[in-house]
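Trainee: need coordinates for the following:
(one chain, ligands or ions: 1)
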Amino acid sequence: MNQGKFDSLFVNTYARGGEAIVSGKGSVVTDAKGKKYLDFGTGIAVSALGHGHEAIAKALKDQAAKILHTSNLYYSQPQIDIAKKLVKLSFAEKVFLCNSGTEANEAAIKFARKKASAIDPEKFHVLSFEQGFHGRTYGALSATAQAKFHEGMGPMLEGFHYAPFNDVAKTKKILDAHKFAAVIVEPIQGESGVNEASVEFLAFLRDYTKKKKIALIFDEIQCGTGRTGKLWCYEHSGIVPDIMTLAKPIGGGLPLGVVLATADAVSAIAPGDHGTTFGGNPLACALGAALLDVVSKKTFLKEVHQKGEFLKAKLVALANGGDSITAVLGKGLLVGARFSAEPKPILEACRASGLLLVKAGNNTIRFLPPLTVSYDEIDKAIEIFSEIVAKTELK
Ligand SMILES: Cc1ncc(COP(=O)(O)O)c(C=O)c1O
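Mentor: The predicted structure follows:
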């Protein structure tokens with residue numbers, strides 16, 4: 001491991017060791033020393049079509065030869081293409097394009113506050129849920145109800161409140177106590193360990209927010225765009241938000257954030273209210289449009305579901321054969337294995353053995369393979385993982 005070798009170059013925001021990753025093909029990435037890894041992390045749920053997918057490579061080549069940047073002073077064709085597809089494929093009527101997940105959530109919160117301020121200037125409160133994760137900039141960070149991310153960064157923004165996830169009674173009590181502009185929730189909390197919102201909880205949020213003219217925002221940055229076996233995670237519950245945020249895979253591997261909204265939810269927004277120089281960059285939008293063409297196909301999504309069931313069944317069998325895995329969680333290929341203790345040694349041993357996985361909160365290891373992963377690759381990953389789980393004693 002080369003930990004420290006390059007760390008002196010960078011601000012100390014990440015604990016990363018090992019060699020640099022230099023290339024990838026399909027579900028496999030290669031490091032600077034030529035070592036190959038099965039990529040079941042996809043750069044934290046980004047590379048949905050794996051590495052070097054031909055549709056992405058073609059879109060990149062074609063658009064790079066046309067134009068890379070226009071700014072938002074003008075339309076660009078790739079923006080128009082992706083916006084048309086997103087509107088056609090979702091509940092949304094309006095699209096805002098930015099560069100990342102945290103930016104998408106910033107925009108969503110601003111849009112909701114602007115609309116609410118026209119009803120009542122005091123209607124600016126925002127509710128989010130414990131263990132949720134919405135990003136690192138101040139609006140998104142204020143909505144991230146986890147003390148460890150706030151420590152030393154305070155004060156957070158005014159008007160942000162937190163309720164326990166999946167707790168209707170406590171959520172109602174908080175909602176009743178303030179004038180809310182927005183409620184933001186992940187239908188499946190990714191970072192904190194693959195925790196699913198119950199249908200009953202989402203139905204309550206939908207019902208309450210509709211009655212009180214509060215924007216219901218679904219953060220599908222991690223659980224959207226095909227990851228769970230449906231194009232959008234809200235399709236599992238049938239509960240439709242007013243605003244939805246996307247990022248991670250939606251740019252086909254390039255930075256792209258998206259806010260999808262009903263026309264009504266963003267009716268208060270006028271030119272100048274919000275903006276970004278790079279947002280909806282033509283190259284990222286061209287890749288995103290190409291990705292959507294693949295990922296939105298019914299047969300593709302069905303396979304994501306089936307592969308997810310296959311992976312989960314293998315993990316359940318492993319859990320039943322020992323006592324260190326306490327739960328197997330998730331939908332589609334957003335899968336978590338929860339352990340009885342901190343599983344970092346397992347994660348590190350998997351990496352050394354050629355399998356990349358991602359840690360999450362609550363003693364959970366996430367499996368986030370490319371949606372194009374093969375059954376053989378799942379088998380291989382489980383073989384490595386099982387061997388390491390069997391020989392690692394967790395403290
Ligand atoms: C659910 C969710 N929301 C927001 C974000 C922030 O996205 P970004 O890192 O692109 O700012 C993440 C990133 O992990 C996420 O998982």
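Trainee: going forward, measure contacts and count neighbours with C-alpha atoms only.
Mentor: Fine.
Trainee: what's the lengthiest helix in the chain packed up against?
Mentor: When the chain is scanned for its longest helix (criterion: DSSP state H), the result is helix 298-320. If you count contacts as 3 or more C-alpha pairs under 8 Å, 6 or more residues apart in numbering; DSSP states H and E, helix 298-320 packs onto strand 325-331, strand 334-339, helix 375-391.
Trainee: give me the low-pLDDT residue ranges for the protein?
Mentor: 1-4 (pLDDT under 70).
Trainee: give the contact list for the residue nearest to Q306 when sequence neighbours are not counted.
Mentor: Nearest-residue entry for Q306: G332, 7.4 Å, with adjacent residues in sequence omitted and distances by C-alpha to C-alpha, 6 or more residues apart in numbering. Under the criterion of C-alpha atoms under 8 Å, 6 or more residues apart in numbering, the contact list for G332 reads R227, T228, G229, V304, H305, Q306, K307, G308, E309.
Trainee: check whether the fourth one really touches L371, as I assumed.
Mentor: Think V304. Yes. At 6.0 Å, V304 counts as touching L371 under the criterion of C-alpha atoms under 8 Å.
Trainee: about what we covered before: how about the CA coordinates for the longest helix of the chain, as PDB?
Mentor: Taking C-alpha atoms only, helix 298-320 is exported to PDB below (Å, rounded to 0.1, in the frame of the first residue of the first chain):
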ATOM      1  CA  LYS A 298     -37.600  -2.600 -19.500                       C
ATOM      2  CA  THR A 299     -35.500  -5.700 -20.300                       C
ATOM      3  CA  PHE A 300     -32.400  -4.000 -18.800                       C
ATOM      4  CA  LEU A 301     -34.300  -3.000 -15.600                       C
ATOM      5  CA  LYS A 302     -35.700  -6.500 -15.200                       C
ATOM      6  CA  GLU A 303     -32.200  -7.900 -15.400                       C
ATOM      7  CA  VAL A 304     -31.000  -5.400 -12.700                       C
ATOM      8  CA  HIS A 305     -33.800  -6.700 -10.500                       C
ATOM      9  CA  GLN A 306     -32.900 -10.400 -11.200                       C
ATOM     10  CA  LYS A 307     -29.200  -9.900 -10.700                       C
ATOM     11  CA  GLY A 308     -30.000  -8.100  -7.400                       C
ATOM     12  CA  GLU A 309     -32.100 -11.000  -6.200                       C
ATOM     13  CA  PHE A 310     -29.300 -13.400  -7.200                       C
ATOM     14  CA  LEU A 311     -26.700 -11.400  -5.300                       C
ATOM     15  CA  LYS A 312     -29.000 -11.000  -2.200                       C
ATOM     16  CA  ALA A 313     -29.800 -14.800  -2.200                       C
ATOM     17  CA  LYS A 314     -26.000 -15.500  -2.100                       C
ATOM     18  CA  LEU A 315     -25.500 -13.100   0.700                       C
ATOM     19  CA  VAL A 316     -28.500 -14.500   2.700                       C
ATOM     20  CA  ALA A 317     -27.000 -18.000   2.300                       C
ATOM     21  CA  LEU A 318     -23.700 -16.600   3.600                       C
ATOM     22  CA  ALA A 319     -25.400 -14.800   6.500                       C
ATOM     23  CA  ASN A 320     -27.300 -18.000   7.400                       C
END
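Trainee: what residues sit buried inside that helix?
Mentor: When burial is assessed from 16 or more other C-alpha atoms under 10 Å, helix 298-320 yields the following buried residues: 300-312, 314-316, 318-319.
Trainee: swap in stretch 188-204?
Mentor: 188-197, 199, 201-204.
Trainee: out of those residues, which sit inside strands?
Mentor: Using DSSP state E, the members of the buried residues of stretch 188-204 that fall within strands are I188, Q189, N195, E196.
Trainee: re the thing from before, what's the overlap in contacts for V304 and L371?
Mentor: Counting by C-alpha under 8 Å, 6+ apart, the common neighbours of V304 and L371 are G226, R227, L333.
Trainee: quick one: name the residues of the protein near the ligand.
Mentor: Contacts of the chain with the ligand, taken as C-alpha under 6 Å from any ligand atom, map to 100-102, 133-135, 190-191, 219, 221-222, 247-248.
Trainee: ok, now with 8 Å
Mentor: 44, 99-105, 132-137, 140, 186, 189-191, 219-223, 247-248, 255, 257 (C-alpha under 8 Å from any ligand atom).
Trainee: tell me how far the longest helix of the chain lies from the chain's centre.
Mentor: On the basis of C-alpha atoms, centre = their mean, to the nearest Å, helix 298-320 sits 19 Å off its chain's mean C-alpha point.
Trainee: next, the angle strand 325-331 makes with that helix.
Mentor: Between helix 298-320 and strand 325-331, the angle formed by their directions is 170 degrees, by axes from the mean of the first three to the mean of the last three C-alpha atoms, to 10 degrees.
Trainee: can you check what angle separates helix 298-320 from strand 334-339?
Mentor: Calculated by the same axes, to 10 degrees, helix 298-320 forms an angle of 10 degrees with strand 334-339.
Trainee: hmm, back to that, how far away is the residue nearest to Q306 from C233?
Mentor: Taking C-alpha to C-alpha, to the nearest Å as the measure, G332 falls 10 Å from C233.
Trainee: hmm, back to that, what sits up against the longest helix of the chain?
Mentor: Contacts to helix 298-320, defined as C-alpha under 8 Å, 6+ apart, come from residues 226-231, 294-295, 325-329, 331-335, 337, 371-372, 375, 378, 382, 386.
Trainee: which among those residues count as buried?
Mentor: With neighbours counted using 16+ other C-alpha under 10 Å, the contacts of helix 298-320 contain these buried positions: 226-231, 294-295, 325-326, 328-329, 331-335, 337, 371-372, 378, 382, 386.
Trainee: now do the end-to-end distance for stretch 175-192.
Mentor: 23 Å.
Trainee: other SSEs contacting the helix or strand where A104 lies?
Mentor: Secondary structure from DSSP states H and E places A104 in helix 101-119. If contacts are counted by 3+ C-alpha pairs under 8 Å, 6+ apart, helix 101-119 sits against helix 138-143, strand 180-185, strand 215-219, strand 243-246, strand 257-261.
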